[in-house]
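> one predicted model, sequence on top.
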Amino acid sequence: MKDLLRPPVLSIKAAFLDNACLLGFYVQHPLCDADRLHRIIDTYKSVFAGRSVRPFLPRFSIVLKDNDQSLETSDIKLSTSISPATLAQLQLETVLVGWKPLIRAGIKQTFSSSQQVQSSYRVSSSVINNFRLQAMENGQRVTLNDLLMAFIWKASTASQSWKQDSSHQTYPAFSFVLNIRRQIKQDTDLHNPWVIVQVPKPPHNSSLGVKNIIDLAAHIRETIRHARTTDCLRPIIDHHKRALGKPLMLDTELLVTSWSHICLYKTDFQLGKNPTIQPEYVQPFVRMPGLFRKLGMRIKNTVVTSQDGNGGFWIHGNLEEVVWGSLASITSLIE
């Protein structure tokens, strides 16, 4: 019971098989994000190999840079004609503070008819490169991660709960985790330099074609450029600081967090003077604390994306079964 109420900040578990070893690294999210967890793993790698390790830098509050070019207000106009200030207001309306929203969400989840399935889906390099090439042909400057998120967003329109609760005039509410590491004054080894951004809903397009996915990716990219401006970031960070330790609850229909920038498959492990080895398979995930899991609560409609080591991507998480099926259906139309 003690571990449920006060779980360890960091824990490492190992399972030894006949010809393999499974390693699990678990960290409480208030301590750090995925980048810093990777730094912790690197530290343990050094310990395993008998090398010295450098101490972790102390933690500082998140403070935005002053007069930084990357934070200047953008002149870009979204298809919804939204400004950085109104984009910030959208975030304040969708990130709810306090125990009441958390309890309401728990009750809603308990009585929800939505059937969530924990699963994984691999997006091959050929599929993601097809998206990339067609985006270049259309003159759209988007990243592979933009395209991957757009692909997931498009698949989410198969959601039965969204179809029941929506008029289908706009897409489901879609949010992603935005790294703001370059926008803050001081970064450390144990930190959470990110904010959650909900994308303004564009008009719904029922087409499953690649062009529709590319248009969504461009919409996501412009949202990112607005979200990294001072006018947008400052009110969001101030809103989080005012929470003062209270839980933050996100009101969205789909959340994507990306580990795709971390080269997990290139992580070298070495025990003493033995040869180095690299992971055959890596599965990142986020989950509720132990007590909430005991109560049957799960983080629904949330996925983590990561590299597959061969130019493609993995999608892991909890989604409705029809949404997992929609990912496969869209892929079959493209390949």
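Great, that's in hand.
> helices of the chain, residue ranges please.
Secondary structure of the chain by DSSP state H: the helices cover 2-5, 34-49, 84-94, 99-110, 125-137, 144-155, 160-165, 210-227, 230-241, 290-294, 321-334.
> residue 258 is nearest to which of the ones you listed?
helix 144-155 (5.6 Å; Cβ to Cβ). Yep, even glycine has a C-beta here, placed from its N, CA and C like the rest.
> which elements pack onto that closest one?
The contact analysis (3 or more Cβ pairs under 8 Å, 6 or more residues apart in numbering; DSSP states H and E) places helix 144-155 against helix 125-137, strand 174-179, helix 210-227, strand 255-258, strand 302-307, strand 313-320, helix 321-334.
> could I get those as JSON lines with mean pLDDT?
Listed next are the helices and strands packed on helix 144-155 as JSON lines, based on pLDDT from 0 to 100:
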{"stretch": "helix 125-137", "mean pLDDT": "93"}
{"stretch": "strand 174-179", "mean pLDDT": "94"}
{"stretch": "helix 210-227", "mean pLDDT": "93"}
{"stretch": "strand 255-258", "mean pLDDT": "94"}
{"stretch": "strand 302-307", "mean pLDDT": "94"}
{"stretch": "strand 313-320", "mean pLDDT": "94"}
{"stretch": "helix 321-334", "mean pLDDT": "91"}
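> for residue 58, find the nearest of the helices of the chain.
Proximity to residue 58 (Cβ to Cβ) singles out helix 34-49 among the helices of the chain, at 13.1 Å.
> average pLDDT across the closest one?
The average of the pLDDT scores along helix 34-49 is 87.
> one step back: in JSON lines, list the helices of the chain along with mean neighbour count and distance to residue 181.
Below are the helices of the chain laid out as JSON lines (neighbours: other Cβ atoms under 10 Å; distance: least, Cβ to Cβ, whole Å):
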{"stretch": "helix 2-5", "mean neighbour count": "10", "distance to residue 181": "32"}
{"stretch": "helix 34-49", "mean neighbour count": "16", "distance to residue 181": "8"}
{"stretch": "helix 84-94", "mean neighbour count": "17", "distance to residue 181": "18"}
{"stretch": "helix 99-110", "mean neighbour count": "13", "distance to residue 181": "28"}
{"stretch": "helix 125-137", "mean neighbour count": "16", "distance to residue 181": "24"}
{"stretch": "helix 144-155", "mean neighbour count": "25", "distance to residue 181": "15"}
{"stretch": "helix 160-165", "mean neighbour count": "14", "distance to residue 181": "32"}
{"stretch": "helix 210-227", "mean neighbour count": "22", "distance to residue 181": "14"}
{"stretch": "helix 230-241", "mean neighbour count": "18", "distance to residue 181": "12"}
{"stretch": "helix 290-294", "mean neighbour count": "13", "distance to residue 181": "29"}
{"stretch": "helix 321-334", "mean neighbour count": "16", "distance to residue 181": "29"}
